[in-house]
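**Student:** Here is the input, now give the coordinates:
(chains A, B, C and D)
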Protein chains: 4
Amino acid sequence: MKRRALLVVAVLGLLALGWLAESHFAAGQNEAAATIKGWKAGVGWGWIWGKDDEVGALNAMTDQSRAAALKLAATGKVYDLGIAYSRRSYKWPGHSPGEIMSFRSPAGEEAQKESVVNPMGNSSVTRWHSNALFMNDNVATQIDGLGHITISADHHWYNGFKEAEHGGDFGIQKCDNVSIPPIVARGVLLDIAAARKVDELPTGYPISPADVDAALAQQKVSLRPGDVVLVRTGTLRHWGTDGDNHAKIGQHDSAGITLQTAKYLVERHGAMLIASDTSGLEVNPAPAGSNSFIPVHKYLLVEQGVHIGEFHYLEDLARDKVYEFCYVATVNKIQGAVAGFTLRPLALR
Amino acid sequence: MKRRALLVVAVLGLLALGWLAESHFAAGQNEAAATIKGWKAGVGWGWIWGKDDEVGALNAMTDQSRAAALKLAATGKVYDLGIAYSRRSYKWPGHSPGEIMSFRSPAGEEAQKESVVNPMGNSSVTRWHSNALFMNDNVATQIDGLGHITISADHHWYNGFKEAEHGGDFGIQKCDNVSIPPIVARGVLLDIAAARKVDELPTGYPISPADVDAALAQQKVSLRPGDVVLVRTGTLRHWGTDGDNHAKIGQHDSAGITLQTAKYLVERHGAMLIASDTSGLEVNPAPAGSNSFIPVHKYLLVEQGVHIGEFHYLEDLARDKVYEFCYVATVNKIQGAVAGFTLRPLALR
Amino acid sequence: MKRRALLVVAVLGLLALGWLAESHFAAGQNEAAATIKGWKAGVGWGWIWGKDDEVGALNAMTDQSRAAALKLAATGKVYDLGIAYSRRSYKWPGHSPGEIMSFRSPAGEEAQKESVVNPMGNSSVTRWHSNALFMNDNVATQIDGLGHITISADHHWYNGFKEAEHGGDFGIQKCDNVSIPPIVARGVLLDIAAARKVDELPTGYPISPADVDAALAQQKVSLRPGDVVLVRTGTLRHWGTDGDNHAKIGQHDSAGITLQTAKYLVERHGAMLIASDTSGLEVNPAPAGSNSFIPVHKYLLVEQGVHIGEFHYLEDLARDKVYEFCYVATVNKIQGAVAGFTLRPLALR
Amino acid sequence: MKRRALLVVAVLGLLALGWLAESHFAAGQNEAAATIKGWKAGVGWGWIWGKDDEVGALNAMTDQSRAAALKLAATGKVYDLGIAYSRRSYKWPGHSPGEIMSFRSPAGEEAQKESVVNPMGNSSVTRWHSNALFMNDNVATQIDGLGHITISADHHWYNGFKEAEHGGDFGIQKCDNVSIPPIVARGVLLDIAAARKVDELPTGYPISPADVDAALAQQKVSLRPGDVVLVRTGTLRHWGTDGDNHAKIGQHDSAGITLQTAKYLVERHGAMLIASDTSGLEVNPAPAGSNSFIPVHKYLLVEQGVHIGEFHYLEDLARDKVYEFCYVATVNKIQGAVAGFTLRPLALR
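**Tutor:** Here you go, the predicted model:
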């Protein structure tokens, strides 16, 4: 009981700090003086890229911004930010289950006396493996597309695309994976767990603007408009080989940023993509009084056109205290899919 | 009839050139003087990385090699080498079909009166999309893993991993996608179609070492050990939006490298990964007298431990005459999968 | 050319006979004098079973009607009316493809060193097979449920169930397979091909009321209210092992009943279920001027609440001239599914 | 603690009765005097139907036997023995998960502007539903085929069919669902729970020959060679709508027949198919000292060629004290499938 009380006090204290930080928002001068296409301090991004746009804030990338980001990769060291997915992996219960099924196997090909290939020219007994996959497009390391979330009775998503016109039986017809460009940008790690001196944040911990500031201060790094911001809770310490410890992962997976923090990162700091090491980025459940069960998703994806990264593996970066790097990620080019899944984003330095 | 005769003469001529080139092999001095971990001129790579190795020639990558490759990306320009996949896309008939199915939809969530989320805190009517995918791990832009192909009665693959021990119902247990590291390396385009002055190579055209040399000469570029070599036939000119013109794609998809050429690239030039813009890289069908219906796959994957890239979109690179660049690719991190699929490898320059 | 002209004349002649037959409708006295729950001559069935009803005309079955039907099965001879389905089988192109995938295999279980079962108590090396199926619920021998088809802008089906309320992501919530009761009823074969003295009806042949009358006359059998009526075109002569001859099957699969004939069978004869040996029962394409591309489906399923049977194998019945029998069919009890699939209805006599 | 002791005593007592019963085996004269094709008292069935046979004991059915069984259906009353399956249903953890996914929906067809049908002749706005199913062939009400189980290092099943020759990637090539004939036979319910005066048998209860005898005596019914024997534990009292109470179902699902009882039913009484209301028919786990983790499956399927029924819903029969009836079941006609699934066997009386 005592520990719980302490925890409550600690959380309230952190929230209070967050509040203070927020009241400094307007006056705060971050170094995001640098201008960047599309972003406006105090406002963020939004539906500014034309009525047919499906790309959102990622439109801010230019050859120049990519070249600058790639310069951060001077040593050639690469960090794989993906986690391995299997049929046993932890995932949000609303998604479909997954199976990786041996579809073609050497012995199977022999038993079924396949005629797919020419057995006459095959004295080496060449056979092949392929798999049939049944899986969800929201599993393991992800980048949520701008059509993942809808709001209002007309079920519209980013830029006003409406379900009745752009939905369908085979995924979405606007803002699907095909429309997500390759992402090459400066990446910054915010190691919130380290800033708060814990191995991983506790269940339901709401990451506040003050937490962001504390991490920035401790890490001696600053944010710039156009950054990919990676927020570490420490949850993926428990992924293990393939995320089969659902209880342990689930315990910490609920820590995440609040709507205030999302706004702080986008409107004050110009974040172009925000990612975390949890399945949902934002604190769960949403605070009482929210107008959505996932207000951060609603704000980032629908209102700001800012993509979300989930289940990014940040343990190696944290261990090596690598806070600034070149972030590279590409989603599968699948028509209709709403998110990149089982990805391996890279941190190059 | 006349045109056909001309074509035959042309092909025979090119083959003859290839033969000449081959006889120069041993003496040929390419500039691959540079030493690289693991590779030996005249031999290539092979099973040299230890009995538990699942990585093959990609072990040759180092921080230094990656840093050097990344230096090629000075302008920040990025080429997306992936092609869009849909239920209609062309693929090899031996693979399973694919569907991208709307699994969760805004209207569906309302009709089924879901309790997955809390409707009380959702005055914004937030809903979500996710898809269930049924697809094969050998579709669209791919990187074949080293366990894709087996040979001999014991069905072993690279490094001697045997089906009875490392196969199974859920994909392969050695050399699966999880074991394929992020690939960051110097990439070189060999625009064979341009070297041969055609829009795309004809059906069943066998790309010879002479074709490689002709492209290198015309492009004024040379190969170095550790390169990712991208061989352009021009087939993907016909991909269109999502590869639904099966007849047209199929017509050119059979052009590809011969076993001689694979050896030339690996043993003389030190290629670390060879990719093409077709579904199978190698000429199809295999030449009469081959001991496998896919001798290039057998040689590269099983014997040399060299990964294969397929359906890489090279049209933009060819148009801009970009022959040297930094190649970056990551496969989905799915346990048991034998190939990266629906990828977007990048060419950065 | 001459043969085509003859065919046209023949078809027109048959149509004319149909027209004559139709004009006799009102006056026609069929022996359906027998009263049956729910059915009214000249009207048929319809939405008469209460506003929550999901069963339709099948409500007409009673212990008495079933007992009478079962009496027809005096010899114990059984006809299997199902056709075998495989990944190669012919199906309507709008449906999802199908795969039957070995999910658990003896060798797989050994390779993956499964812990699902206790290896200590297994000296007999017991292993097991199971399959994962990916398939559509509208393949092979089917019984279409009353929710298969919707009409109007509100997308309602039988009894006014609307998509917005009773649809969803996981199939339909009204009139799904679970709501289809076991069917045990008198079955009558109408061998239209035999009546018209052909092996199978030609492409697009529209089966008219006159065809029905011709078959009844030739077979010396009559229809009664509550019957399951099986209409033979002869198409399934070409199914072979598993329906892989798509061209041949497709050629004849378009023969079928017209809307007039559907009305004739339901409103004059009291058919409770109408089935055929094609994938769609009705003539395809719909006659010019139809208000639906499948007017018979619309009429039977939506308006009359009469289930439809498809791809029923009638060759053995036809060969043995079995025209009256006990029909027994049960659909898979799968929540949300809209049709019974890969069924084996029985004709018992 | 006391209750547990009582339970142990009770179980031991019942087992002792079983032992006594068993010692009476040889001498016991059941009324199975009636001869039946293939069956031999004291021996059962076995591999007696020829080396190519895939049907096993079901070969014993004849027109005569079916006609006799159908005579039991005099009242026309029908019992549906199937349970409803959904994505939430209880199943054995070794099987693949299941989804019923709306594949074609009215709104989807509009959004994707489908060209599958002719919109010009569709003023009624006809649309359609179909579903894509991903499911296992061992779920809900099942009939296990003779190829479900393999034994020995050569992984052979009934009649010596071997994996290397008759297995494969697409299910089994011998004894698959296509080879299972329609089943029409006398059915007898053994209400063991009622005989033992419990609502449902306790966890892990081993049903003995004495239990069989007790039920037969109390029900005043006897077994005959060729019967389908249905053994009630009471487990499915807890199925509810779609089997989502996994804990409660799992608690009772482990009750089942022992190997002794299987032999008693087959070798003494001539059972042609044995079914139960659990997922596995036999007591689980197998008794210490068994040579298989599922010795009853091994015995019935592999050695005797006797099909197994699982998850048959017997509550209505038990409530109405219907102990003798005509059992009718047909499995889906799917090539390669190893079991009938989501079935609705019927009990007609």
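
**Student:** List the contacts of the closest residue to A:Lys71 other than its chain neighbours.
**Tutor:** Spatially, and ignoring its direct neighbours in sequence, A:Lys71 is nearest to A:Cys326 (7.8 Å; Cβ to Cβ, 6 or more residues apart in numbering or on different chains). C-betas here are computed from N, CA, C, even on glycine. A:Cys326 is in contact with A:69-73, A:184-187, A:346-349, counting by Cβ atoms under 8 Å, 6 or more residues apart in numbering or on different chains.

**Student:** at 6 Å instead, please
**Tutor:** Residues near A:Cys326 by Cβ atoms under 6 Å, 6 or more residues apart in numbering or on different chains: A:69-70, A:72-73, A:348.

**Student:** which of those residues lies closest to D:Lys162?
**Tutor:** A:Leu348 (52.6 Å; Cβ to Cβ).

**Student:** Surely that closest one is in contact with A:Val78?
**Tutor:** Yes - using Cβ atoms under 6 Å as the test, A:Leu348 is close enough to A:Val78 to be in contact (5.5 Å).

**Student:** Output stretch A:142-156 in CSV with nothing but the alpha carbons.
**Tutor:** Only the C-alpha atoms of stretch A:142-156 are listed here, as CSV (Å, rounded to 0.1, in the frame of the first residue of the first chain):
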residue,chain,number,x,y,z
GLN,A,142,4.8,-0.5,-37.1
ILE,A,143,4.3,2.9,-38.7
ASP,A,144,0.6,3.8,-38.6
GLY,A,145,-0.6,5.3,-41.9
LEU,A,146,-2.8,8.4,-41.9
GLY,A,147,-5.9,6.4,-42.7
HIS,A,148,-5.6,4.1,-39.7
ILE,A,149,-8.0,6.2,-37.6
THR,A,150,-11.3,7.8,-38.5
ILE,A,151,-13.5,10.3,-36.6
SER,A,152,-17.0,11.7,-36.8
ALA,A,153,-20.1,10.2,-38.1
ASP,A,154,-18.8,10.4,-41.7
HIS,A,155,-15.8,8.4,-40.7
HIS,A,156,-13.2,10.6,-42.3
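
**Student:** How about the stretch 51-200 of chain A: which residue is closest to chain C?
**Tutor:** Closest approach between the stretch 51-200 of chain A and chain C, counting by Cβ to the nearest Cβ: A:Met101, at 5.2 Å.

**Student:** Let me know the secondary structure of the residue nearest to A:Lys263 when sequence neighbours are not counted.
**Tutor:** Counting by Cβ to Cβ, 6+ apart, A:Lys263 lies nearest to A:Tyr299, which is 7.0 Å off, once chain neighbours are set aside. Three-state call for A:Tyr299 (DSSP: H, G, I helix; E, B strand; the rest coil): helix.

**Student:** So A:Tyr299 versus chain C, what's the distance?
**Tutor:** A:Tyr299 sits 25 Å away from chain C, going by Cβ to the nearest Cβ, to the nearest Å.

**Student:** likewise A:Gly38?
**Tutor:** To chain C, A:Gly38 is 35 Å away according to Cβ to the nearest Cβ.

**Student:** repeat for A:Asp213
**Tutor:** 42 Å.

**Student:** roughly how far apart are A:Ser208 and A:Val283?
**Tutor:** 10 Å (Cβ to Cβ, to the nearest Å).

**Student:** Now the phi/psi pair for A:Val328, please.
**Tutor:** Main-chain dihedrals, A:Val328, degrees, to the nearest 10: phi -130, psi 130.

**Student:** And it, what's its pLDDT?
**Tutor:** As predicted, A:Val328 sits at a pLDDT of 98.

**Student:** Then the one 5 residues further on?
**Tutor:** The model reports A:Lys333 with a pLDDT of 98.

**Student:** how much space between it and C:Phe161?
**Tutor:** Taking Cβ to Cβ, one finds A:Lys333 at 39 Å from C:Phe161.

**Student:** more neighbours, the two?
**Tutor:** Neighbour tally, A:Lys333 and C:Phe161, criterion other Cβ atoms under 10 Å in any protein chain shown: the higher count belongs to A:Lys333, 27 against 22.

**Student:** Give the helix, strand or coil label for the nearest residue to the more buried one once chain neighbours are set aside.
**Tutor:** The shortest distance from A:Lys333 to any non-neighbouring residue, by Cβ to Cβ, 6+ apart, is to B:Gly82 (4.2 Å). Using three-state DSSP, the structure places B:Gly82 in coil.

**Student:** Tell me how many other residues crowd A:Gln335.
**Tutor:** 22.

**Student:** Can you pull the phi and psi angles for the closest residue to it other than its chain neighbours?
**Tutor:** Counting by Cβ to Cβ, 6+ apart, B:Ser86 is the residue found nearest to A:Gln335 once chain neighbours are left out, at 3.9 Å. With angles defined as degrees, to the nearest 10, B:Ser86 sits at phi -140, psi 180.

**Student:** Identify the residues contacting A:Ile83.
**Tutor:** A:140-141, A:239, A:311, A:313.

**Student:** which one of these has the most neighbours?
**Tutor:** A:Phe311 leads these on contacts (other Cβ under 10 Å) with 33 neighbours.

**Student:** wait, what's in contact with the closest residue to that residue other than its chain neighbours?
**Tutor:** Setting aside the residues directly before and after it, A:Phe311 is nearest to A:Thr141 in space (Cβ to Cβ, 6+ apart), at 4.8 Å. Taking Cβ under 6 Å, 6+ apart, we find A:Thr141 in contact with A:82-83, A:311-312, A:343.

**Student:** And A:Ile100, by the same measure?
**Tutor:** Shown in contact with A:Ile100 (Cβ under 6 Å, 6+ apart): A:131, A:133, B:170-171, B:336.

**Student:** And the pLDDT for it?
**Tutor:** A:Ile100 carries a pLDDT value of 97.

**Student:** Can you report how many residues lie near the residue lying closest to A:Val117 once chain neighbours are set aside?
**Tutor:** In space, and not counting its chain neighbours, A:Val117 is closest to B:Phe293: 4.6 Å by Cβ to Cβ, 6+ apart. The number of residues packed near B:Phe293 is 20, by other Cβ under 10 Å.
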